[in-house]
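# Here is a sequence together with a model predicted from it:
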Protein chains: 2
Amino acid sequence: MLGGMQDFELRVPRLIDHAAREDGTREIVSQWADGTQTRTDWAGIARDARKLAQALERLDMHPGDRIATLAMNHSRHLVAWYGAIGMGAVIHTINPRLFDEQLVYIANHAQDRVLLYDKQFQPLVDRLKSQWTSIEHYIAFDDAGPDGFEALIAREDGDYAWVEGPERDPCMLCYTSGTTGNPKGVLYQHRSTVIHAMAEVSPDIFNLSSSAVVLPVVPMFHAASWGLPFACALAGAKFVFSQVNDPAVLCRLMNDEKVTHSAGVPTVWLAMFGHIDATGESPRHLQQVTIGGSAAPRAMIERIMAMGTAVKHLWGMTETSPIGTAGALPPAWDAMSADERLDLVSKQGRIPFGIELRVLDDDDREQPRDGRASGRLQVRGPWVVKRYFGAANDAVDADNWFDTGDVAVLHPDGTMQITDRAKDVIKSGGEWISSVDLENAAVGCPGVAEAAAIGIHHPKWDERPLLLVVRKPDSTVTPGEIMAHLGGHVAKWWLPDEILFVDSLPHTATGKLLKTELRARYKDHRLAEA
Amino acid sequence: MLGGMQDFELRVPRLIDHAAREDGTREIVSQWADGTQTRTDWAGIARDARKLAQALERLDMHPGDRIATLAMNHSRHLVAWYGAIGMGAVIHTINPRLFDEQLVYIANHAQDRVLLYDKQFQPLVDRLKSQWTSIEHYIAFDDAGPDGFEALIAREDGDYAWVEGPERDPCMLCYTSGTTGNPKGVLYQHRSTVIHAMAEVSPDIFNLSSSAVVLPVVPMFHAASWGLPFACALAGAKFVFSQVNDPAVLCRLMNDEKVTHSAGVPTVWLAMFGHIDATGESPRHLQQVTIGGSAAPRAMIERIMAMGTAVKHLWGMTETSPIGTAGALPPAWDAMSADERLDLVSKQGRIPFGIELRVLDDDDREQPRDGRASGRLQVRGPWVVKRYFGAANDAVDADNWFDTGDVAVLHPDGTMQITDRAKDVIKSGGEWISSVDLENAAVGCPGVAEAAAIGIHHPKWDERPLLLVVRKPDSTVTPGEIMAHLGGHVAKWWLPDEILFVDSLPHTATGKLLKTELRARYKDHRLAEA
């Protein structure tokens, strides 16, 4: 030993210890579904988490055991995370919007031993209880009685030292809600979580300081609320939760608590616009809005930027903790025109330290960063999955590359742009047609409510696009009108061979188009012009 | 194996790889002492670093070997860091301002095998060469001939893969320039350096994004230029170096290159003020100035803030990589008065994630964070020393606490304030008198150029203050006038028992008051009033 620096295991409890010690009085606000509000602070979260750790040990829970939650965003859910992780257990956030069979599969596959849940999900719990084979304890966060969460921790004194251990121990489990096959569990580690949180506070990602006031609209069961409950502890930021996602409630909360940072999927902001248009009330303190989950429409970005709020696109997935790319502003930002700025922010952002991306063509050749060559997007890094929970094999190749299932283009300035999901891309004559681009162009046509493009077998071109369109109520738009509109937005050879009107389109539990079902439904369809 | 995330060793070459890949065209500007300027970029630094790694291997250097530098700030020095570290060696930055005997001791103790140096230090090299017993190769950065740095790397093709290894491998060696005893080497590790860099880019410390343009005035031989060459690679910032610290050169460079962030000791800004007063030219793009090394006077902070530039105090030491605390703005900042802001920024800042501080009294009792109780400041964390290079024992206690030698107060809001060096504090009747506070108050008296306060043995009070004063040229200020001035600034029992005028005061190589010598000189002094 020649000398050196200190050992310091990158363990999640260090985050809550830091927050409690250095920013102990920064508030944690919870807006509950019943209209009430509670306030605690980082010191309070740490104290309650220690009590929960004691209570879980009293329930005979041990390090490595899975403690599940079925809950919206609130301070008790946050206590559950730090308490379970602090006693060495693995917190498993279950998405209550999944289908019953997935909910049964996930809890059984994870072998969850405790379920902490919001009472609004009581019907779901009652319905599935008999099929969940490993859960021994059911505790409702918002049950004020002797069996509820507050009563559970009130019995403890909080005199508790976190369980120590290696930084590569698991701390959290999140299942992906794939459109095919069974959900797969991503097992986050203490180390990956802490490094991810350190990356997230940086100016080029969430830009979080102890002065920030953060309201994550993204649920805590979606990729750990994009890591914000960890990053905000690290930064010592004020945290504002809402158990409901009603835009009127959110807008009032944002103004009352002077929220500076928010994060959520595009539909959140669509709903907020509706609220602003209807009432004239809009969030007044927002400095940065982060949008992920799916691509934000250009008009949405433009409108938020016009409010004086920075917009950052985030791309990632449960498998990437979830930060893959984020909308860092380039050095040339000040010199860019409004249109150039919108073009840039509409893409998925740049690659932070730690993450590596590459784009491969069908022959596994790495594509240049030329802003044109698209291909399968692969990712690797310290907070990227290696092997799914309980899987027999790694989810990555020998060099740790994880295939995202997305199709993307890398631009010369390092910006990444998602163009499609790999399985949804339409392969026509050896070239790729982006189903997403076709759909976006179609939705821009007056009278079109929703559209889905899928590839249909074609004797000459391998596949050609079929466009399924849901018309807006009372619309009489014709295939010819849609085709004429598309002609102004996509290459001629991308134009669908046929347009069919349908009453509705199938969706996944999280609102994405269920293209697997559409492809099955139209498997034997013969294109009108084929 | 239940599943989990990827292995990703936190190695320094990942920083330069990231910068070259994602921000490869961000410029690295070097202003040389001869008035010329050169420009490269992160891709160029990475390319040259690979060539240097090849060249060092050709010189029979191996992983773990120490490669020394004796140089100011410029791009070739940066290449040396990444090249030496990239081949697994340890870069050892030597402070050319040390005394000869220290320079001899340090290089021999480190067993440096190569010395890369600036030609301005040729006389020093010629003078000490015969006493340096381990250095085999001398290479001048700015020698344009066949034996110079550029010729050395020009022979290589840059087709080189960085040496891999555990993240706890050493990567850098910096010696402290203590006022007593031999200098001690702090051996930074890949892991500590990368975690430190991740922390540094956060909004509460350097606030670095890829849009930042950074000119570190702090030399690369001072605690790794406070880590900026690593943090800027991580952020992908533009980097501006100057081989000279003339304020006219720095000011022009800051304006020409649109420098947004700078960092240095207080004297740098004093010199800059002189330049501004003399010419009317001032830096126009600075967003943040970080001041460390010693405390910035309140008037300095006020003047920089009046320029519309944020000021952050930094406290740390070579042993802390060097970030200990940084001037994070508190949530209440917007509501604070100008005076309250100055009070806050004048302190040493808040504690970032990773770092823990505590203050102990003489009986090793931890003191409360009440803004009053002062005591010995101790620190621990992932980028804090554990054992000095080659030392037989740890530099920390069993719980990793490192005694900083500073005396400090912790405030209720988590702000830390240095009040003295532990060995300089004057212990009077069981209470502590801050020599620094006395000196600062004395320097505020018209006619006083410099002052030093030391404790002199006193039969009743143990110690009482003696104040040594250097008068300004032509000043006729009297002890009575100084005492009257002090009376308005410090407690009555802090007033020195005696004031002596001296022609000059002794300093260390880095400009700090050499109190050990003063204490020795006045060891047998009897206070006038004792």
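All right, it came through fine.
# how far away is A:Ala224 from A:Glu200?
To A:Glu200, A:Ala224 is 11 Å away according to CB to CB, to the nearest Å. Backbone N, C-alpha and C define where each C-beta goes, glycine included.
# shared neighbours, those two?
By the contact definition CB atoms under 8 Å, 6 or more residues apart in numbering or on different chains, A:Ala224 and A:Glu200 are jointly contacted by A:Phe230.
# check contacts around A:Phe141.
The contact partners of A:Phe141, by CB under 8 Å, 6+ apart, come to A:Ala71, A:His74, A:Arg76, A:His77, A:Ala80, A:Leu116, A:Tyr117, A:Asp118, A:Lys119, A:Gly148, A:Phe149.
# what sits against the last one?
What that stands for is A:Phe149. Per CB under 8 Å, 6+ apart, neighbours of A:Phe149: A:Arg76, A:Ala80, A:Leu116, A:Ile139, A:Ala140, A:Phe141, A:Asp142, A:Asp143.
# distance of the residue nearest to it when sequence neighbours are not counted from chain B?
Excluding the flanking residues, the one nearest A:Phe149 by CB to CB, 6 or more residues apart in numbering or on different chains is A:Phe141, at 4.7 Å. Between A:Phe141 and chain B the computed distance is 27 Å (CB to the nearest CB, to the nearest Å).
# any idea how far A:Phe141 is from B:Leu78?
53 Å.
# what number of residues lie near A:Asp524?
By other CB atoms under 10 Å in any protein chain shown, the residues close to A:Asp524 number 8.
# about what we covered before: show me which pair in the contacts of A:Phe149 is furthest apart.
Across these, the longest distance by CB to CB is 13.9 Å; it joins A:Ala80 and A:Asp143.
# These two: which is more packed in?
Neighbour comparison, A:Ala80 and A:Asp143: the larger count goes to A:Ala80, with 28 against 18 (by other CB under 10 Å).
# Just confirm that one is within a helix.
Yes: applying DSSP: H, G, I helix; E, B strand; the rest coil, one finds A:Ala80 inside a helix.
# Was I right to think it contacts A:Leu116?
Yes: when contacts are counted by CB atoms under 8 Å, A:Ala80 is listed as touching A:Leu116 (5.1 Å).
# what touches both of those two?
In contact with both A:Ala80 and A:Leu116: A:Ile67, A:Thr69, A:Ala71, A:Phe141, A:Phe149, using CB under 8 Å, 6+ apart.
# Show me those that map onto helices.
Among the shared contacts of A:Ala80 and A:Leu116, the members found in helices (DSSP state H) are A:Phe149.
# For the lowest-mean-pLDDT helix or strand in chain A, name the packing helices and strands.
Ranking every helix and strand in chain A by mean pLDDT, DSSP states H and E puts strand A:431-433 at the bottom, with a mean of 82. Applying 3 or more CB pairs under 8 Å, 6 or more residues apart in numbering or on different chains; DSSP states H and E, one finds that strand A:431-433 contacts strand A:426-428.
# Retrieve the pLDDT associated with the residue in the stretch 251-400 of chain A that chain B sits nearest to.
As assessed by CB to the nearest CB, chain B sits closest to A:Pro382 within the stretch 251-400 of chain A, at 3.6 Å. At A:Pro382, the model reports a pLDDT of 98.
# Give me the local confidence score for the closest residue to A:Thr415 other than its chain neighbours.
Counting by CB to CB, 6+ apart, A:Lys347 is the residue found nearest to A:Thr415 once chain neighbours are left out, at 4.9 Å. A:Lys347 is assigned a predicted lDDT (pLDDT) of 95.
# again, but for A:Val469
Value for A:Val469, per-residue pLDDT: 95.
# my read: it touches A:Ser504, true?
No: A:Val469 is beyond contact range of A:Ser504, at 11.2 Å (criterion: CB under 8 Å).
# if I look at A:Ser225, how far off is A:Ala107?
In terms of CB to CB, A:Ser225 sits 20 Å off from A:Ala107.
# With neighbour numbers in mind, choose between those two.
Legend: neighbour count by other CB under 10 Å for A:Ser225 and A:Ala107, higher for A:Ser225 (26 against 23).
# Are we agreed that the more buried one is in a helix?
Yes: using three-state DSSP, the assignment for A:Ser225 is a helix.
# residues touching it, list them.
A:Asn73, A:Pro216, A:Val218, A:Pro219, A:Ala263.
# Kindly list the longest helix within chain A.
Scanning chain A for the helix with the most residues, using DSSP H, yields helix A:42-58.
# Could I get the contacting residues of A:Asn73?
Residues in contact with A:Asn73 (CB under 8 Å, 6+ apart) are A:Pro216, A:Pro219, A:Met220, A:Ser225, A:Phe241, A:Ser242, A:Gln243.
# Tell me, how many residues neighbour the residue in the stretch 1-150 of chain A positioned nearest to chain B?
Chain B sits closest to A:Phe8 of the stretch 1-150 of chain A, with a gap of 3.6 Å, by CB to the nearest CB. A:Phe8: 20 surrounding residues under other CB under 10 Å.
# which stretches of the stretch 151-300 of chain A form helices?
Counting by DSSP state H, counting those that start in this stretch, the stretch 151-300 of chain A has these helices, from start to end: A:190-200, A:223-226, A:228-235, A:247-256, A:266-279, A:298-306.
# So which bits of the stretch 301-450 of chain A are right by chain B?
The stretch 301-450 of chain A comes close to chain B at residues A:321, A:328-331, A:333, A:350-351, A:353-354, A:356, A:380-391, A:396, A:400, A:414, as judged by CB under 8 Å from any CB of the partner chain.
# Please consider this matter closed, and thank you.
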